[in-house]
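A.B. asks: got a predicted structure plus its sequence, pasted below:
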Amino acid sequence: MSTKEERALSEEELQELVAASDTGARSPHGPVGLMIAAVALIWSIFQVLLASPVAPYVLPGDLINNARQIHLAFAIFLAAMAYPLFKSSPRDYIPWYDWILGVGGAILAMYGYFFYEKIVGNGGLADDTDAMISLIALGFLFLAAYRTLGPVMVALAVVFLFYVFFGSSEVVPDQIRWAGASLRKAMSHMWITSEGVFGIALGVSTKFVFLFVLFGALLDRAGAGNYFIKMAFGALGHLRGGPAKAAVVGSAATGLISGSSIANVVTTGTFTIPLMKRVGFSAEKAGAVEVASSVNGQIMPPVMGAAAFLMVEYVGISYVEVITHAFLPAVISYIALVYIVHLEAVKTKMPTIGDRVVSMGKTIGGMFAFFAGFAILCYATQYPVGWITSLFPSGSGWVLSILLFAIYIALIYLASKVPDLELDDPNAAVVELPDVAKIYKSGLYYMLPIIVLVYFLMIERKSPGLSAFWATFLLFGILLTQKSLKAMFRGESDVVARLREGVKDLIEGMIDGARNMIGIGLATATAGIIVGTVSLTGIGQVMADFVEFLSGGNLILMLVFVAILSLILGMGLPTTANYIVVSSLMVSVVVELGAQSGLVVPLIAVHLFVFYFGIMADVTPPVGLASFAAAAVSGGDAIRTGFTAFFYSLRTVALPFVFIFNTDLLLIDVTITQGIIVFIVSTIGILVFTAGTMGWFLTKSRIWETVALLVVAFALFRPGFFMNQIQPPFEKIPPAQFATALEDASPGDQLRAVIRGPDFDTLDSKDLTVVFDVPDEADAQARLDGLGLVLVPEGDTIKLDEPMFGTFLSEKLASFDFYGDEPVQIAAVQAPSNQLPKELIFIPALLLLALVAFLQSRRAEDETPQGELA
């Protein structure tokens, strides 16, 4: 074994690594330890009650209205108790200064609660006392964030805060200088009102994120994490490169409920990485597979590292729409990662584990059948629920509860007939593959809370908080009773002892959930300073000007620079804070500069674009936290692990560029049939792209074959690019004929107008592309009025007056100066042309793919056999 591999951390050290990152490395014993556990438990109870339907009846109105302050108070106090401030700080007791920082920080976080009447009476404007206390409170917040999140988040927040105070200084370049703010105004914005620390991000953390994190902690405490890994290993472990494939699928399942890529790496990696090394993966490649799998878990709905709930607030669409749009890119990205692992295994002729021989086709078919069956089950649940509701309109809730309980009892009975799953030792002399046919019964009941969650989210369309509450409430029952019921069905005598174990599991799960939330709560609060700075200073426009200057107005370069900046801004940040920062600073850049270049995309596509590149910071050296965690497990070099993981993640890098230009991939405005076609074609496209970047398809690719595969992938992902070269998608209309074109168009048709005029802030001339649907009104004037347009024709030039307030275009054109010397005018008009279906491009693309496959298959037959797929 190499010297580097000997540096692999022990299980105890790995758990300390996760604790230091996610739950806190300090665990004092005795009364103080019990106190910390009790506070964490009380926090969980408070959050569960807050999300429950009975919240208005059991919690005082003041607590509900000031839930954000209470949420932050718990987080700051527990951060001081659980996270040492310095590396030299004690781990087994709490020093005096941490008591001051914890209690003081909690009291300061509750300032808005204690002085609510005074603040409302002042209209939210801070007086001198409020301002000084708020400034001190920010210091306490920064210390808490530093100990839980590290220096990067705090440094970023401090830089933005300095910009608030000193951005008006003459030493600041003119391009980014702003008017400045007094201490009272700044502190009102940052601490007293809901624009800064107590803004949308902390509100989402309070209302939604806590319940989902608690749900994941309880599900893992119940044993679901081990069950998912066992099932994945049992289904895929016998294949070539099977442990790596199991790592991908297991991490995907864990990522569904986990908000931390580091915890995901360590949880699944301690089992899968040693097995990957055992079948021939180097330490760096084994770690890279786990990193790529775990970070991908952050883009997988329904939690998406808590970013999904923030997108609801920032984008202004429903939660169901967010996860619908995010679903397909996440799924095909995981499919591609399984294929990457397969190609690595085939290229190096890796051995298999175990003595079972099952074909890859049957395995994939079985997995597809499982996931399809699970999806159909979730969807079909609405029909029996509907029948029961119609039969028992007043008591349907009780009937459904009894039916759910009966199903749970039946599944527990099935689980009692097989042994409980134990954690395997990946370093054992003989590794026995789990038999899926024998172990699947042991954890079927874990699917119930997931089905309940999906049902309430997707079918009932309840809020994420309420949906998570009911799923969590069911988990309470499972944790309390699963062990005692199994003991009873097995005829064992220790039923009462097992019931006590269940109570202990529930309490520990709630404590784990609260401790997992400390970092997320502080991350959302600290990121609120950056959001507040953007709204107070207008620095978003500065970022847009900066990127426009770097890119020279080139659309692709602009997206590349935004991607790089998102990656840099995301370095060292947890997923939630990462998304808040990159979305606050970068989304407006893409929207504004894209519109100037004629690229108009839905806002959700832009948010997903910056989110994808933000989380890539967890992979990319020199800061990639997940890569360092994987290297700690594998004993490999962290930098090489990070670069290999980034190479494996190229498909995650490519996908955002794809769905910016082809929103079909996000299932936007597509029918069910179109959605199925998009899924099939996109899956083929991502597999072809993977084969191209890996240099291996059916055998080692020649250079021209690699280029051909990448061209095929591009054509499958963005067929519109090639069709636009053959047949332009728009016909140009002279601006003077705009009113006529508007009148001739059918209601619902889309027209594009390029508006040119001086920018309100800089007075520089700019272009803005506006896309609008033709209104239903009968004549041109009525349609113009409906859009808010006031045309002032002068020869062939069509000038514009300021749009009527409250109309469709009033907000979109608000950035123009309509009262300067230079007029605002319509520079160009485009109407959709009768273009052939872009899907026709699939035909030559697939023919080219078939040609490459034919040539490679011929060549593969003449070469040394590379082994079977399974």
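C.D. replies: Cool, got the structure.

A.B. asks: could I get the full set of strands for the stretch 751-870 of the chain?
C.D. replies: Taking DSSP state E, counting those that start in this stretch, the strands of the stretch 751-870 of the chain run over residues 765-773, 790-794, 797-801, 825-832.

A.B. asks: export those to JSON lines and tack on mean neighbour count, distance to L108 and mean pLDDT?
C.D. replies: C-beta: built from backbone N, CA, C; applies to glycine. Formatted as JSON lines, those follow (neighbours: other C-beta atoms under 10 Å; distance: least, C-beta to C-beta, whole Å; pLDDT from 0 to 100):
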{"stretch": "strand 765-773", "mean neighbour count": "16", "distance to L108": "44", "mean pLDDT": "83"}
{"stretch": "strand 790-794", "mean neighbour count": "13", "distance to L108": "52", "mean pLDDT": "84"}
{"stretch": "strand 797-801", "mean neighbour count": "17", "distance to L108": "50", "mean pLDDT": "86"}
{"stretch": "strand 825-832", "mean neighbour count": "18", "distance to L108": "53", "mean pLDDT": "85"}
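
A.B. asks: pipe those into JSON lines and attach distance to F140 per row.
C.D. replies: Below are the strands of the stretch 751-870 of the chain laid out as JSON lines (distance: least, C-beta to C-beta, whole Å):
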{"stretch": "strand 765-773", "distance to F140": "43"}
{"stretch": "strand 790-794", "distance to F140": "53"}
{"stretch": "strand 797-801", "distance to F140": "51"}
{"stretch": "strand 825-832", "distance to F140": "53"}
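
A.B. asks: of all these, which one is nearest L59?
C.D. replies: Closest approach to L59 among the strands of the stretch 751-870 of the chain (C-beta to C-beta): strand 765-773, 44.6 Å.

A.B. asks: parallel or antiparallel, list what pairs with the closest one.
C.D. replies: Neighbouring strands of strand 765-773 in its sheet, by DSSP bridges, are strand 750-758 (antiparallel).

A.B. asks: residues in contact with I451?
C.D. replies: Applying C-beta atoms under 8 Å, 6 or more residues apart in numbering to I451 gives the contacts 377-378, 381.

A.B. asks: most neighbours of all those residues, which one?
C.D. replies: Neighbour tally across the contacts of I451 (other C-beta atoms under 10 Å): the maximum, 19 neighbours, falls on C378.

A.B. asks: how about it: what's its closest non-neighbour residue?
C.D. replies: Spatial nearest neighbour of C378, chain neighbours left out: V454 (4.6 Å); criterion: C-beta to C-beta, 6 or more residues apart in numbering.

A.B. asks: give me the domain ranges for the chain.
C.D. replies: Taking automatic domain parsing as the domain assignment, the ranges for the chain are 26-198, 670-729+838-870, 731-832.

A.B. asks: after the helix or strand harbouring the residue nearest to C378, which helix or strand is next?
C.D. replies: Using DSSP states H and E, V454 maps to helix 447-454. Counting by DSSP H and E, the next helix or strand C-terminal to helix 447-454 is helix 464-489.

A.B. asks: now the angle from that next one to helix 447-454?
C.D. replies: 170 degrees (axes from the mean of the first three to the mean of the last three C-alpha atoms, to 10 degrees).

A.B. asks: sort out which residues of helix 464-489 are buried, please.
C.D. replies: By neighbour count on 16 or more other C-beta atoms under 10 Å, the buried set for helix 464-489 is 464-472, 474-488.

A.B. asks: geometrically speaking, which residue is the centre of this protein?
C.D. replies: M304 (3.0 Å; C-alpha atoms, centre = their mean).

A.B. asks: tell me the contacts of that one?
C.D. replies: Each residue near M304 by C-beta under 8 Å, 6+ apart is listed here: 298, 311, 323, 326, 575, 611.

A.B. asks: picking that back up, out of the strands of the stretch 751-870 of the chain, flag the one nearest S493.
C.D. replies: For S493, the closest of the strands of the stretch 751-870 of the chain is strand 765-773, at 71.1 Å, according to C-beta to C-beta.

A.B. asks: now the angle from that closest one to strand 825-832?
C.D. replies: On the basis of the same axes, to 10 degrees, strand 765-773 is oriented at 40 degrees to strand 825-832.

A.B. asks: CSV for the domains of the chain, including distance to M586?
C.D. replies: What follows is these, written out as CSV (distance: least, C-beta to C-beta, whole Å):
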stretch, distance to M586
domain 26-198, 14
domain 670-729+838-870, 22
domain 731-832, 18
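
A.B. asks: determine which of the ones you listed approaches D545 most closely.
C.D. replies: Nearest to D545 among those is domain 26-198 (6.4 Å), distances taken as C-beta to C-beta.

A.B. asks: quick one: terminal-to-terminal distance for the closest one?
C.D. replies: With C-alpha to C-alpha, to the nearest Å as the measure, domain 26-198 spans 28 Å from end to end.

A.B. asks: now swap in stretch 606-625 and tell me
C.D. replies: Stretch 606-625 end-to-end distance (C-alpha to C-alpha) = 25 Å.

A.B. asks: that'll do, ta.
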